[in-house]
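*Asks:* would you be able to build a 3D model of this:
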Amino acid sequence: MRSDAPRATSYDVVTAVWGAAFIDLFLDLCIPNQLSPANLPALPSGSRYRIFTPPEDAPGLAVDPRLDDLRRLLPVDVVEVDMTEVDRQVKPGESWNVHKRMIACHRRAAADAAIEERALIFLAPDIVLAEGAIAGLVRLHSGGARAVLTASLRLSREGVVAALAERRAKGALPPRQLVGLAMRHLHPWTRSLMGDGTSTSDNPTSVYWPVRSGSMVEGLLVRSFYLHPMLVDPVRRTLMPGGPIDSHYVRDCCPDLTECHVVDDSDDLVVFELSPAGRVIGKESVRRGVSPLRLAAVAANCDQHQLSHWQRAIRLHAGEIDARWTAVEEASARLSRQVERYRPCGPLLVAMYGLLKFSGQRRSAYGRTYRKIRRYARDARKASQRGADNALEVLKRSRPRVTSKQIARPVRLWFHRAAKAGRLGLKRVRRRVLSGEMLA
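*Replies:* Purely as a prediction, here's the structure:
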């Protein structure tokens, strides 16, 4: 049953950004991409663009000329968010806790939007939209959806940025062209979630089945527990995100599943996230395909909204849907049925995998300690040997040189004394003989 809560007529477009690298990517690539004709210009009057950032980055963003085109289209607010509490446990030299910072920004955005009963469009400083994405959000919201969720795949940032620069296209590409570009620059994390991959993530929140033409990937069929809520018009406006917005926020603020729309075809709306190719996300293990037991463990921590998302097959395609998609859909349905069979054992699997993870961490810790002790012992032996060698060298250098003359002198002295003693003995014998002592 649909809620009777008032519906928003204007939108807050929300982006949280900090740090020079993300700010440059956001201003140089994402803002021109969002300014394409069927994206931000499709918003109704009264909407605004809000950038949430720490106090140290706010002054620079407030006067940055790269936002001038956006300011001419929409009111732009640069909102300072106090990160003192979320950064309290970050030590000097350590990186920020990105999730805690993002949650703080989204909580502030939801609280501000609730005052004026606005809907929220959650963007990010490292995403690219297809042409018509925001127009599609507005259309779906007008059609009755209180939340619109999409599969936001991760792409390798360097490859996509270089490809867009080569095309010299700063605006948004049509959906199929963007999907075609994305299939050539899938992030290693995305590849680790392939249904037919040779290695897989130890925390698979999604599974992707590729549709290939030869060795080229032309599309992906997606099943996911965690979808990105691009648009939220909360029914319960007083409830703020308690964690990442793709966690339980949609369940809490839009409890009616019939008002939550999952975009299941990239022709309607598609968005991709750009991450450095070298960024490591989670751990991988060698295995053919994604484990249904791992998926059942993930499902154990999901709410009913997220479990329903998993049942939806989402198609990202650069061409027409043909017979190849039928086989892929059957494979995804088989895995979905396997996950459903194992789902009652989900809590037990969570405990088991948690124990295995803890055991692995302990083994790794013991291994690191053992290697440290061996290294210290080896260094101590080397230091001891070096000390002995140095002491011997000092002894050798401090010992006076012995010449052949010095060696021969005591020998000559011994022979001289022996000869002298012999002569004296003969003299004594001769005197005794001459004196007649020996004759008597």
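
*Asks:* give me the pLDDT value at M1.
*Replies:* Note on M1: pLDDT of 47.

*Asks:* same check, this time on D196
*Replies:* For D196, the predicted pLDDT is 81.

*Asks:* how about the secondary structure of it?
*Replies:* coil (DSSP: H, G, I helix; E, B strand; the rest coil).

*Asks:* contacting residues for it?
*Replies:* Applying Cβ atoms under 8 Å, 6 or more residues apart in numbering to D196 gives the contacts W209, P210, R288, G289. Backbone N, C-alpha and C define where each C-beta goes, glycine included.

*Asks:* contacts only, for the first one.
*Replies:* W209 makes contact with M194, G195, D196, L220, L221, V222, V328, A331, S332, according to Cβ under 8 Å, 6+ apart.

*Asks:* please repeat the previous calculation with a cut-off of 6 Å.
*Replies:* G195, L221, V328, A331, S332 (Cβ atoms under 6 Å, 6 or more residues apart in numbering).

*Asks:* what's the lowest-pLDDT member of those residues?
*Replies:* G195 (84).

*Asks:* who's in contact with the helix or strand containing L295?
*Replies:* L295 belongs to helix 292-299 when elements are defined using DSSP states H and E. The contact list for helix 292-299 (Cβ under 6 Å, 6+ apart) reads P204, T205, F225, Q338, V339, Y342, R343, G346, L349, V350, Y353.

*Asks:* gap between the residue nearest to A163 when sequence neighbours are not counted and S156?
*Replies:* Leaving aside its sequence neighbours, A163 sits nearest to L181 (Cβ to Cβ, 6 or more residues apart in numbering; 5.8 Å). Applying Cβ to Cβ, to the nearest Å, the value for L181 to S156 is 11 Å.

*Asks:* more neighbours, those two?
*Replies:* A direct count of neighbours by other Cβ atoms under 10 Å for L181 and S156 places S156 higher, at 23 against 19.

*Asks:* gap between the closest residue to the more buried one other than its chain neighbours and L178?
*Replies:* The shortest distance from S156 to any non-neighbouring residue, by Cβ to Cβ, 6+ apart, is to A277 (4.0 Å). Separation of A277 from L178 (Cβ to Cβ) stands at 19 Å.

*Asks:* low pLDDT regions in the protein?
*Replies:* 1-3, 89-95, 169-170, 199, 281-287, 394-407, 436-440 (pLDDT under 70).

*Asks:* I'd like to know how far the closest residue to D303 other than its chain neighbours sits from L155.
*Replies:* Closest residue in space to D303, ignoring its immediate chain neighbours: R251 at 4.6 Å, by Cβ to Cβ, 6+ apart. When distance is defined by Cβ to Cβ, R251 is 28 Å away from L155.

*Asks:* now do P210
*Replies:* From P210 over to L155 (counting by Cβ to Cβ), the distance is 15 Å.

*Asks:* with A408 instead?
*Replies:* Per Cβ to Cβ, A408 is found 89 Å from L155.

*Asks:* between the two, which one's more packed in?
*Replies:* Remark: of A408 and L155, L155 carries more neighbours, 27 against 10, as counted by other Cβ under 10 Å.

*Asks:* helix, strand or coil for the more buried one?
*Replies:* From three-state DSSP, the assignment for L155 is strand.

*Asks:* hey, what's it bridged with?
*Replies:* L186, L274 (DSSP bridges).

*Asks:* pretty sure it sits against F272.
*Replies:* Yes - judged on Cβ atoms under 6 Å, L155 makes contact with F272 at a distance of 5.0 Å.

*Asks:* what do those two both touch?
*Replies:* A182.

*Asks:* for the contacts of D196, give me CSV that also has distance to P241 and secondary structure.
*Replies:* Output for the contacts of D196, formatted as CSV (distance: Cβ to Cβ, whole Å; DSSP: H, G, I helix; E, B strand; the rest coil):
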residue, distance to P241, secondary structure
W209, 31, strand
P210, 33, strand
R288, 37, coil
G289, 33, coil
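
*Asks:* which of these count as buried?
*Replies:* W209, P210, G289 (16 or more other Cβ atoms under 10 Å).

*Asks:* OK, contacts around the last one?
*Replies:* G289 makes contacts with G195, D196, as judged by Cβ under 6 Å, 6+ apart.

*Asks:* if we use 10 Å, what do you get?
*Replies:* Applying Cβ atoms under 10 Å, 6 or more residues apart in numbering, we find G289 in contact with 193-200, 204, 207, 209, 331, 335.

*Asks:* could you identify the most distant pair in the residues you listed?
*Replies:* Greatest spatial distance in the contacts of G289: S199 and A331, 18.3 Å, computed using Cβ to Cβ.

*Asks:* which strands and helices sit next to the helix or strand harbouring the residue nearest to A163?
*Replies:* Per DSSP H and E, L181 falls inside helix 175-183. Here helix 175-183 touches strand 127-129, helix 133-142, strand 153-156, helix 157-167, strand 206-213, strand 216-224, strand 271-275, strand 314-317, going by 3 or more Cβ pairs under 10 Å, 6 or more residues apart in numbering; DSSP states H and E.

*Asks:* what angle separates that helix from strand 216-224?
*Replies:* 100 degrees (axes from the mean of the first three to the mean of the last three Cα atoms, to 10 degrees).

*Asks:* could you point out which element follows helix 175-183?
*Replies:* Next element after helix 175-183 (DSSP H and E): helix 188-191.

*Asks:* give me the distance from that next one to the chain's centre.
*Replies:* The chain centroid and the centroid of helix 188-191 are separated by 11 Å under Cα atoms, centre = their mean, to the nearest Å.

*Asks:* over to stretch 123-135?
*Replies:* 22 Å.

*Asks:* got the end-to-end distance for that stretch?
*Replies:* 14 Å (Cα to Cα, to the nearest Å).

*Asks:* so which of A277 and L178 has more stuff around it?
*Replies:* L178 (25 against 14).

*Asks:* next up, the contacts around the more buried one.
*Replies:* L178 neighbours (Cβ under 10 Å, 6+ apart): 33, 128-131, 133, 160, 164, 172, 266, 270-272, 316, 318.

*Asks:* G242 now?
*Replies:* I103, R107, H248, Y249, D252.

*Asks:* please apply the same query to G144.
*Replies:* Contacts of G144 by Cβ under 10 Å, 6+ apart are R2, R7, T258, E259, H261.

*Asks:* can I get the buried part of these as one PyMOL selection?
*Replies:* A single PyMOL command selects the buried members of those (16+ other Cβ under 10 Å):
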select buried, resi 259+261
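
*Asks:* make TSV out of the contacts of G144 and add distance to R71 and secondary structure.
*Replies:* Converted to TSV, the contacts of G144 look like this (distance: Cβ to Cβ, whole Å; three-state DSSP):
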residue	distance to R71	secondary structure
R2	37	coil
R7	28	coil
T258	38	helix
E259	33	helix
H261	31	strand
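
*Asks:* export the contacts of G144 to a markdown table and tack on distance to D68?
*Replies:* Putting these into a markdown table (distance: Cβ to Cβ, whole Å) gives the following:
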| residue | distance to D68 |
| --- | --- |
| R2 | 41 |
| R7 | 32 |
| T258 | 42 |
| E259 | 37 |
| H261 | 34 |
